[in-house]
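Asks: Have a look at this prediction, sequence included:
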Amino acid sequence: MFSQKVTRREVLGGALAFLALAGLSGCNDTPEQKDGQQGNQTDATSASSSDQKVLKMGIGVDPDGLDPQRTAAAATLEITANLYDTLVEVTVDGDIIPALAKSWDVSEDGLTLTFTLQDGVTFSNGNPCDANACVASFERLLDPASPKISQYSGYTFEALDETTLAVHTKTLNVSALSDFAYAWAAVVDVTAGEKLSSQPVGTGPYKLDVWTPQQKVVLVRNEKYWGQKPDIDRIEFTVLPDSTSQLVSLRKGEIDLLMGTSEQVEALQDDTTFQFIQAPQNGVQLMAMNSENKALADVRVRKAINYAVNKQELIDSVWWGQGIAIGSHYPVMLKGYIDCSNTYPYDPEKAKTLLKEAGYENGLTLNMRLPKDYQMYVDAGQIIADALKKVGITCKVEILEWAAWLDEVYTGRKYDLTVVGHTGRLDPITLLARYESTSSENYMNFSNEELDKMLAQYRTELDEEKRIAIVQDIETLLAQEVPALYIQDPITTYIAAQKVQGFAMYPIDIYQFKYVTLSE
Amino acid sequence: MLKVVAYRCGAALAVLFVCSLMAFCILRVAPGDAATLILGQEATPQAVETMRQELGLNTPLVQQYFGWLGGVLTGNLGESRLYAMPVTGVIAQAFPVTLLLSLYATALALVISLGFGIAAGLHPNSWVDVVARILTQFGSAMPAFWLAIMLMLFFSSYLEWFPVSGYVPLQEDPLGCIASLTLPACALAAGECGVLLRTVRNSVLEAASHDSMLSTQVKGLTRVRVICIYILKGALVAPVTSAGMQMAKLLGGTVAIESIFALPGLGRLLLTSVEQRDLMLVLGVVIVIAACIVLVNLLCDLVIMALNPGARQKQP
C-alpha cells in the first residue's frame, strides 16, 4: 500500500532471518507462556470475556462501511457475510444450498423463481424479516447508489405472501439462482436506511459490537439468529497494515487467523503451531492488452507477447509459486475448465519471428500502466516489461494509484498494457461476458463476432451439458486469440492457529464464521 | 507583544485557509474520484454519473468548497463517507494517538540529546563527544521504519517486553498506553536525536568558549553555577525551539511508523482518506494538522521572544 513497500520487503527478508534465529536459539515462546499472556491481555480489556470463545483475525485495511449493498470491496463483503444472510448460500464446491430461503422453484419457462422463506426470522433490531422486507431490500439493491445495479436490473420482485417471494425476469437468465448467493445480495433492514454502513442491521449469525476505525471491528453472536447457534462468541478483526507486525502478532498468538502473503507463508512454513488453509482463489490474473492500439490489434503481436514471457518463472518469482498457470480467462475450480496454459509456451525466438512478420522487427514501444496498491501486479508488470525488452518491445512503465487506475485505465481505457486480477463468479457467463464487444466492462476493446454469438447462445441454452460445451469453446477461442496474457489463478493461503477448525474458502469473497469452531 | 500575537494569529488563519484550498484543489484535479472507487470495476458509466450526482461531485467547485468552509466556521467538518460518521468524531479518535506519540518521542529525544549534547559540548573530543557523534550519525542515517521493525522483533517478539502492535487509550489503561507507544516513540526519537544532539553540542560548545566565560573564572564562580546559569540559559534556546519544530513535523503524522505498529493516528488516517477519496475526511485531517503546526510555530516564536528581547523588536 505504501511506496516504501519494495524496500520494506527487503527488510522483511532480514527480519525473517532474525525471527528464524530467535526460534533456533530455543527462545521461541512455549504454548504455556502464550496462554498466560493472552489471559493478561483479555483481563486488561474486558474482564467478562475470559470464558468466551474469541477468534482474532488480522486484516490489512478497514472495511469501507458495513453495508453490503453499497460496496465493491472484497474486504468488506467478507465481513458483512457474517452480519447478513442471503436467500441461498454457496458451498465450498460452488453448489447452491438453502439459507434464508428454505426452498425454491423454477417455473416451466424459467422466467420466475419462487422462494419459500424460513419462518419467524427477525433482524437483529427485532423487525420481522418477511417477504415484504426482502422485496424492499432487493429494491434497495436496484438504487442508483448500488454498485451491482447492472447485475440485478433485469429482475422484478414480488411478495406473494408472508413467506413467499417471487423473482421475475424478462429474458431467460440461467445464472439467476446464483445471483442470490453473492454477499451483496444480502437482505438488509431498509428501515435502517443509510445508517447501515456504520450500524448494520441484518439477520446473520453475528451482529456488530463495536467498530473503532483503524483499530478493530468486533462482531458478537446474534442471539436472535434463526439458524444453528455458532460456536464462536466473539470475532475480533484487528487492523494490521504492516506485514512484519502481522507475522509477529501471529507468532505471539495475538491473532489466530490471517490471509497470508506468499512471503509470510514461506516464513512460517515449517512452524507446526500453524496450519495452512489453501485453495485456488477462483480468480484470474492477467496482463490486458488494449486492442485499440494498432500494434496490439494484430493477433501476431499478442501471440508474440505470450511467447515472450515465461509464465511459470513469473509465478515463481512474484507469487513464490503460489498459483496455477492458466492460458485462458477461466479459473481452475470452475465447472468446465480446460487447461490451455500451454497454447503458447515460452519461446522468445518465435516471438521475434512473429513480431518481424507483423512488421515490428525494428522494435515497438508500448505504455504499461500498473495499479500501485497491488504490489504483486506492479512486480509482475516490471518482470514482463523486462522479458518483452528481450524480444524488442519497449514498455514505458507508469504506476498509478488505484482510484486513478480505475478511472483512467479501467473505465477510460487509456492504456496499452496493464496487469490486474478479476475475482471469481459463480456462473461462467458473468465472468466471460466482459469480452462481448458491446460490454461496458470490455476494457481490452476486444471484438470477435464468433465470441459474441457464443455468448448469446449460452444465455438462452437450458441444457447444462451444452452450456458447458459452449463455455469450453469460448475458453479455447480466448486462448487462441489472447486478448490478454493470462497469467494465473492465484492460490490463497490462510495461516491459522491449530485451534481454528472449519475455516474454509469459498468461490466468492465471503467468510463463514458460523461454521468455524475453536477447539481448546 | 499583544499586537505581535494578534498579527501572528491572523497570519495563522490565512495559512489554514490556503492549506485547505490547496488540499481541495489537488484532490479534485488528481485523477480518480470517489464514485468510480465506490462502484468498482463493474460500474456502468451511467451508474458512475448518478453516483457523482449523489455525492455532490457535480456541483460547481467553488460552491463545493465554500459550502464546506461555511460548515467549518460553524464547527461542522462534514461527514466521512468511509466511516459513515462525522469527521470530527473520526479525527477525535486519531488525534490523541498522534499527539501522545509526538510528545513522547520529542521528550525522549530531548532527554537523550540534552544529556549527551551538554556533556559533549563541555568536553569536546572526549569519549562522550565521540559517543555523541556516533549517535548523531546513527540517528540521522537509520531509516525510522527499519529501526521500528528491529525494535519490534527484539523487544516485542524476542524479549516480550512490549505488545507487538495496537494502541491502548490513555483513559483506559495509562500504563498500557505508555507501553503501546514506547517502541514507536523510540523509533521516531532516534531520528530526531540525530539533529537535536548536534544543535545542543554546538551551541553549548560555542557558549562555553565565549570570551565572557573568562570573566566568570575571574569572579571565582563554581563550575556548576557557571554551567547552569551562564552557559545553558543562552545555549538552550536554539535546541528547544528546534525540538518544537520537530514535534510539529511529527504531529503531521508518521505513516510508516503508525502502520508498522498499527497505531490509529493521523498519518494513516490521511493516507487512507486520500486513497479512498474521502474528500471531507482529507480536508478535516489537513486542517487539523495545519492548525497544529501553525500553533506550535506560534508558541516557539513566543518562547524565543520571551527569552530574547531582541527578537521582539524585529516583528512588525
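Replies: Good, I have the coordinates.

Asks: Kindly tell me how buried the residue of chain A found nearest chain B is, as a neighbour count.
Replies: For chain A, the residue closest to chain B is A:Ala72, as judged by Cβ to the nearest Cβ, at 2.5 Å. All C-beta spots, glycine's among them, are computed from the backbone N, C-alpha and C. A:Ala72 is flanked by 19 other residues according to other Cβ atoms under 10 Å in any protein chain shown.

Asks: Was I right to think it contacts B:Ile38?
Replies: Yes: look at A:Ala72 against B:Ile38 with Cβ atoms under 8 Å: they come within range, at 6.8 Å.

Asks: and for those two, which residues touch both?
Replies: A:Pro147 (Cβ atoms under 8 Å, 6 or more residues apart in numbering or on different chains).

Asks: picking up where we left off before, a strand runs through the residue of chain A closest to chain B, doesn't it?
Replies: No: counting by DSSP: H, G, I helix; E, B strand; the rest coil, A:Ala72 is not found in a strand; it is coil.

Asks: Grab the nearest non-local neighbour of it.
Replies: Once flanking residues are discounted, A:Ala72 sits nearest to B:Gly40: 2.5 Å by Cβ to Cβ, 6 or more residues apart in numbering or on different chains.

Asks: Might one say that the one you found is in contact with A:Thr76?
Replies: No: with contact defined as Cβ under 8 Å, B:Gly40 does not reach A:Thr76; the gap is 10.8 Å.

Asks: quick one: which of the two has more around it?
Replies: Neighbour tally, B:Gly40 and A:Thr76, criterion other Cβ under 10 Å: the higher count belongs to A:Thr76, 23 against 15.

Asks: The more buried one - nearest residue in space that isn't next to it in sequence?
Replies: Nearest one to A:Thr76, counting by Cβ to Cβ, 6+ apart, is A:Pro63 at 3.9 Å.

Asks: got a list of what that neighbour touches?
Replies: Each residue near A:Pro63 by Cβ under 8 Å, 6+ apart is listed here: A:Thr71, A:Ala73, A:Ala75, A:Thr76, A:Ile79, A:Thr80, A:Val217.

Asks: How about the secondary structure of the fourth one?
Replies: Just to be clear, that refers to A:Thr76. Classification of A:Thr76 using three-state DSSP returns helix.

Asks: pretty sure it is in contact with A:Ile59, am I right?
Replies: No: between A:Thr76 and A:Ile59 there is no contact under Cβ under 8 Å: 10.4 Å.

Asks: Test for you: state the pLDDT assigned to A:Tyr410.
Replies: Per-residue confidence (pLDDT) for A:Tyr410: 88.

Asks: did I read that right, it in a strand?
Replies: No: counting by three-state DSSP, A:Tyr410 is not found in a strand; it is helix.

Asks: A:Tyr443 is in contact with that one, correct?
Replies: Yes: contact criterion Cβ under 8 Å: A:Tyr410 and A:Tyr443 qualify, at 5.3 Å.

Asks: Tell me where the stretch 201-316 of chain B has strands.
Replies: Ranges of strands in the stretch 201-316 of chain B, per DSSP state E, counting those that start in this stretch: none exist.

Asks: any low-confidence regions in chain A?
Replies: Chain A contains residues with pLDDT under 70 at A:1-50.

Asks: Where is the longest strand in it?
Replies: When chain A is parsed with DSSP state E, its longest strand is strand A:484-497.

Asks: does chain B sit close to that one?
Replies: No: judged by Cβ under 8 Å from any Cβ of the partner chain, strand A:484-497 stays clear of chain B, getting no closer than 14.7 Å.

Asks: now swap in stretch A:328-348 and tell me
Replies: No: Stretch A:328-348 does not reach chain B (Cβ under 8 Å from any Cβ); its nearest approach is 14.2 Å.

Asks: Put the alpha carbons of the longest strand of chain A into PDB.
Replies: The C-alpha trace of strand A:484-497 is given here as PDB (Å, rounded to 0.1, in the frame of the first residue of the first chain):
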ATOM      1  CA  ALA A 484      -4.600 -10.700 -22.700                       C
ATOM      2  CA  LEU A 485      -1.600 -12.600 -21.400                       C
ATOM      3  CA  TYR A 486      -3.300 -14.900 -19.000                       C
ATOM      4  CA  ILE A 487      -1.000 -15.500 -16.000                       C
ATOM      5  CA  GLN A 488      -2.500 -17.500 -13.200                       C
ATOM      6  CA  ASP A 489      -5.400 -18.500 -11.000                       C
ATOM      7  CA  PRO A 490      -3.800 -17.400  -7.700                       C
ATOM      8  CA  ILE A 491      -3.700 -19.700  -4.700                       C
ATOM      9  CA  THR A 492      -4.800 -18.000  -1.500                       C
ATOM     10  CA  THR A 493      -3.500 -19.200   1.800                       C
ATOM     11  CA  TYR A 494      -4.800 -18.500   5.200                       C
ATOM     12  CA  ILE A 495      -2.500 -19.000   8.100                       C
ATOM     13  CA  ALA A 496      -4.400 -20.200  11.200                       C
ATOM     14  CA  ALA A 497      -3.600 -21.400  14.700                       C
END
